[in-house]
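# take a look and give me a structure for this.
(one chain, ligands or ions: 1)
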Amino acid sequence: MKKQQEKKLNIASKVIHVGNSADSVTGAIIPPIYQTSTFVQASPGKHQGYEYTRSHNPTRTRLEECLASLEGAKHALVTASGLSATMLVMHAIPNGSTIVCGDDVYGGTYRLFTTVFNHMHNFIFVDTTDSTKLNSVLKEHRPTLLWLETPTNPTLKITDIAKTAKIAHQYRTTVVVDNTFMSPYFQNPLTLGADLVMHSMTKFINGHSDVVGGALMLNQKPLYDKLWALQNSIGPCQSPFDSWLVLRGVKTLAVRMEAHQKNAIKVAKWLETHPQVESVVYPGLKSHPQHRIAKKQMSGFGGMITFFIKGGVKESKRFLQNVEIFALAESLGGVESLIEHPAIMTHASVPKKNRAELGISDNLIRLSVGIENIDDLLAGLTAGFKAAKK
Ligand code: P1T
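From the prediction side, this is the model:
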């Protein structure tokens with residue numbers, strides 16, 4: 001598809017058509033999986049653009065074309081996991097860089113920064129929703145990078161991307177946004193002023209809980225070239241089959257995100273009135289502290305909900321062991337509803353003291369609301385609440 005034609009498409013059409021043109025050799029409507037490690041050359045150095053799958057693979061190229069278009073980016077790089085995408089960014093900046101990072105990020109990102117890249121860079125964790133505090137930290141440290149996750153995992157705090165990018169750029173700080181929770185369907189950080197977008201494709205982009213993958217989308221060619229060279233040198237590339245599965249999964253991103261959101265709004269409102277619930281955090285609720293910013297920068301509120309059950313770890317565990325339909329598992333963003341306990345599961349690597357400061361308490365439960373029937377979901381949650389009361 002021509003770039004001009006592609007740009008005019010709505011995202012619901014882009015997910016289906018960009019990177020998905022029919023196979024030029026056979027006419028197959030579905031692109032082939034180039035399940036190959038290497039490519040035959042006519043003479044040394046004379047090839048058709050592909051040499052070795054760690055460097056490039058035609059199936060992955062198609063996915064990269066599609067993903068770049070979804071985030072309105074010139075370039076996309078697909079990686080073996082979300083964390084390996086983050087790793088490439090850490091290697092792309094000079095040794096000894098200062099990175100200011102949101103204080104509530106996915107536990108694995110926190111672990112990567114504080115136990116692996118702490119030997120290479122200096123990390124400062126701040127509440128990025130507090131723009132006055134953030135401004136003074138940026139002014140004092142003039143960091144190379146600002147790492148934002150918005151909404152955050154798991155407390156769903158929202159940072160004003162446009163406002164924050166403007167402040168950060170005054171100090172020549174590159175702004176990265178982990179856009180995993182919203183997916184490119186509900187939020188496009190590059191258009192809001194960010195420099196680099198990172199995704200765990202494992203989640204909403206693929207949407208079917210059968211692939212682990214990551215992606216980086218950006219406009220700056222020199223940074224893209226550096227990231228690609230690092231990927232080629234270090235090796236965290238995605239397999240052709242996994243890229244093909246994501247190309248297939250992403251086609252329904254628009255309908256899935258609408259369905260996730262429709263169910264999540266109903267679940268969040270239902271939880272708000274439930275006698276066994278202390279409080280509910282969902283960007284679409286008026287009670288969310290950054291609901292106004294959410295409405296401004298996101299075109300929807302997504303499928304992630306965090307709530308505090310009345311009681312402590314005992315009630316949480318009884319609820320989680322007895323809830324129906326929702327599967328007790330790490331991860332999110334698949335068509336099936338998932339539920340988990342961040343303090344014990346996804347954020348166990350965040351020190352207890354930090355968890356307490358962030359409000360990741362023993363009665364905090366995170367839901368990834370799937371696209372099943374809403375009545376079945378509410379009945380499944382009711383089973384958990386009944387058991388928690390006993
Ligand atoms: O799992 P991986 O594809 O490597 O992506 C890591 C990652 C990065 N950023 C965010 C916001 C994430 O939520 C994740 C992975 N998160 C989970 C596995 C989870 O259950 O929260």
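# how long is stretch 177-188 from one end to the other?
Stretch 177-188 stretches 9 Å from its first residue to its last (CA to CA, to the nearest Å).
# quick one: it near the ligand?
Yes. Using CB under 6 Å from any ligand atom, we find that stretch 177-188 touches the ligand at 178, 180. In short, each C-beta sits where N, CA and C put it, glycine included.
# can you pull out the strands in this protein?
Secondary structure of the chain by DSSP state E: the strands cover 75-79, 98-102, 122-126, 145-149, 174-178, 196-200, 214-218, 277-281, 304-309, 327-328, 338-340, 364-368.
# and the first one, what's its mean pLDDT?
The one in question is strand 75-79. On average, the pLDDT along strand 75-79 is 98.
# is that strand in proximity to the ligand?
No. If you take CB under 6 Å from any ligand atom as the test, strand 75-79 misses the ligand, and the best it gets is 8.8 Å.
# okay, now the sheet partners of that strand, with direction.
strand 214-218 (antiparallel) (DSSP bridges).
# I'd assumed Met345 was in contact with Glu330.
Yes. The criterion here is CB atoms under 8 Å, and Glu330 meets it with Met345 at 5.4 Å.
# not counting its neighbours along the chain, what's nearest Pro31?
In this structure, Pro31 finds its nearest non-sequential neighbour in Arg62, 5.5 Å apart by CB to CB, 6 or more residues apart in numbering.
# equivalent analysis for Phe308, please.
Nearest residue to Phe308 in three dimensions, chain neighbours excluded: Glu278, at 4.0 Å (CB to CB, 6+ apart).
# also Val313?
Asp362 (4.0 Å).
# how about the residue most central in space within the chain, what does it touch?
By CA atoms, centre = their mean, the chain has its centre lying nearest to Thr180, at 1.3 Å. Counting by CB atoms under 8 Å, 6 or more residues apart in numbering, Thr180 touches 82, 106, 149, 153, 198-200, 203-204, 333.
# repeat the analysis, applying 7 Å as the threshold.
Neighbour list for Thr180: 82, 199-200, 203 [criterion: CB atoms under 7 Å, 6 or more residues apart in numbering].
# count of neighbours near the closest residue to the ligand within the chain?
In the chain, the residue that lies nearest the ligand is Gly82 (2.4 Å; CB to the nearest ligand atom). A total of 23 residues lie near Gly82 under the criterion other CB atoms under 10 Å.
# wait, the residue nearest to Phe308 sits on Lys310?
Yes. Under the criterion of CB atoms under 7 Å, Glu278 makes contact with Lys310 at 5.2 Å.
# hey, what's in contact with both of those two?
What both Glu278 and Lys310 touch, as defined by CB under 7 Å, 6+ apart, is an empty set.
# circling back to that earlier point, can you give me the neighbour number for the residue nearest to Val313?
20.
# equivalent analysis for Gln35, please.
Neighbours around Gln35, by other CB under 10 Å: 12.
# now it, what are its backbone angles?
When read as degrees, to the nearest 10, the backbone of Gln35 gives phi -80, psi 80.
# now do the contacts for it.
Taking CB under 7 Å, 6+ apart, we find Gln35 in contact with 240-241.
# now Val335
Counting by CB under 7 Å, 6+ apart, Val335 touches 207-208, 256, 370-371.
# again, only using 10 Å
Val335 sits next to 207-209, 249, 252, 256, 259-260, 370-372 when contact means CB atoms under 10 Å, 6 or more residues apart in numbering.
# point out where the stretch 51-200 of the chain drops to low pLDDT.
Across the stretch 51-200 of the chain, nothing is flagged by pLDDT under 70.
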